[in-house]
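Enquirer: Using only what follows, build the 3D model:
(one chain, ligands or ions: 4)
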Amino acid sequence: HAKADISHSYCYFDKQMEEQVSHRLAMIRRLREDFADGKLEVWYQPQVDLATAQPYGCEALLRWPIGQGQFISPAVFVPLAEDAGMIIEIGQWVLEQACAKQRELAQHGVDMQISVNVSVPQFKASDYAQSVAQTLARFAVPSDKIELEITESVVMDEVEQVTRTLNELKSYGIDVAIDDFGTGFCSLSYLHKLPFDRLKIDRAFVKGIPEQDNGEIAELVVSLANRMNLRVIAEGIETEQQLQFLKSIGCHEGQGYYYAQPLDGKKLDTYLKLSN
Ligand code: C2E
Ligand code: MG
Ligand code: MG
Ligand code: MG
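Expert: Numbering: from 1, shown residues only. Ligands and ions are numbered 1, 2, ... in the order given. Reported below is the predicted structural model:
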């Protein structure tokens, strides 16, 4: 009797797995179609100088609209795109969109540095630095006007190749930030060895301030960055109290809903008060 129960539960488990797998495959298929049909979008979240509240840049964030104002989160579909071997192509498209936007804003007299998120497979491609430099040149975007955001998992992946790519990017004058700093497993010693320009304090170290979190980690990251002459930006600022705290510890840059949500290209123009 017991045996029958077990096989029954295995059967059920298999069926569930099968459904999950086919759901994944269906999503990948739809992502491929929607990307080919030009349905993906790039939105922009302003990054501001905390002292003046003036925007000086923005982060490009992928959006996958699925109708009725609904979106699938990039936290869900970027990993799918990575597994399906699509992220190199999608990532290149995001970079091109960001370059076009940077250029368009510059032509309206608005000088913005745009940050672009980069996945491991993109960064690992042997000609990555050169291809970024070529893309910037093609759009006539100065190399210091696009910043690449990589996570600690990129650094840990293949240290030698990553070091080479970082140095090459540096030689082209392209900035690189470590995203979600403090949430991965990057050894601090890499901060000395590798030419990063900026640390991004993860939202996890901002969101509990002041009630659940005294901000010790945010403070540590800011003082580390300041000592090492790295720029530092706080993610996920949602309240006046968080802003005041970050200013008090010497953090000069931030982004978060307190200032602005990610905005589509048109809303960004409005936010920046662009007269067409
Ligand atoms: P991330 O790079 O750490 O981006 C910051 C995320 O925090 C964004 O989520 C942004 O919308 C959200 N955020 C910003 N301010 C606040 C705030 O005040 N409160 C809260 N609750 N959230 C805030 P989003 O757009 O859903 O993106 C999630 C992740 O997906 C990104 O995290 C990034 O890792 C990845 N991603 C997005 N676009 C791209 C892309 O073009 N390429 C790659 N490889 N990854 C991307
Ligand atoms: Mg980012
Ligand atoms: Mg981040
Ligand atoms: Mg984050």
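
Enquirer: quick one: the residue in the stretch 151-276 of the chain positioned nearest to ligand 4 and ligand 1, what's the gap?
Expert: Here the residue of the stretch 151-276 of the chain nearest ligand 4 is residue 180; by C-beta to the ion that distance is 4.3 Å. C-beta coordinates here come from the backbone N, C-alpha and C atoms, glycine included. Going from residue 180 to ligand 1 by C-beta to the nearest ligand atom, to the nearest Å gives 5 Å.

Enquirer: try residue 49
Expert: 16 Å.

Enquirer: How about that residue, nearest residue that isn't a chain neighbour?
Expert: The shortest distance from residue 49 to any non-neighbouring residue, by C-beta to C-beta, 6 or more residues apart in numbering, is to residue 56 (5.6 Å).

Enquirer: does any part of the host helix or strand of that neighbour sit near ligand 1?
Expert: Under DSSP states H and E, the secondary-structure element containing residue 56 is strand 54-65. Yes - applying C-beta under 6 Å from any ligand atom, one finds strand 54-65 touching ligand 1 at 61-62.

Enquirer: buried sites along that strand?
Expert: 55, 57-64 (16 or more other C-beta atoms under 10 Å).

Enquirer: And for stretch 134-141?
Expert: For stretch 134-141, a neighbour-count test (16+ other C-beta under 10 Å) marks 135-136, 139, 141 as buried.

Enquirer: Who does the spatially most central residue of the chain form a beta bridge with?
Expert: What sits nearest the mean C-alpha location of the chain, by C-alpha atoms, centre = their mean, is residue 117, with 3.6 Å. Residues in a beta bridge with residue 117, per DSSP bridges, are residue 149.

Enquirer: contacting residues around it?
Expert: By C-beta atoms under 8 Å, 6 or more residues apart in numbering, residue 117 lies in contact with 59-62, 94, 149, 179.

Enquirer: Find the residue closest to residue 231 in space, skipping its chain neighbours.
Expert: Nearest to residue 231 is residue 198, by C-beta to C-beta, 6+ apart, at 4.0 Å.

Enquirer: burial measure for the residue in the stretch 1-150 of the chain that ligand 3 sits nearest to, as a count.
Expert: Residue of the stretch 1-150 of the chain nearest ligand 3, by C-beta to the ion: residue 149 (6.8 Å). Residues lying near residue 149 (other C-beta atoms under 10 Å) number 19.

Enquirer: which stretches of this protein have low pLDDT?
Expert: Within the chain, the stretches with pLDDT under 70 are 1-13, 275-276.

Enquirer: that older thread, please tabulate the buried residues of stretch 134-141 in a markdown table and include secondary structure and distance to residue 175 as additional columns.
Expert: A markdown table is the format used below for the buried residues of stretch 134-141 (DSSP: H, G, I helix; E, B strand; the rest coil; distance: C-beta to C-beta, whole Å):
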| residue | secondary structure | distance to residue 175 |
| --- | --- | --- |
| 135 | helix | 15 |
| 136 | helix | 12 |
| 139 | coil | 17 |
| 141 | coil | 13 |
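
Enquirer: which residues of this protein fall in strands?
Expert: Under the criterion DSSP state E, the chain contains strands at 41-49, 54-65, 71-72, 113-117, 146-150, 175-181, 198-201, 231-234, 253-254.
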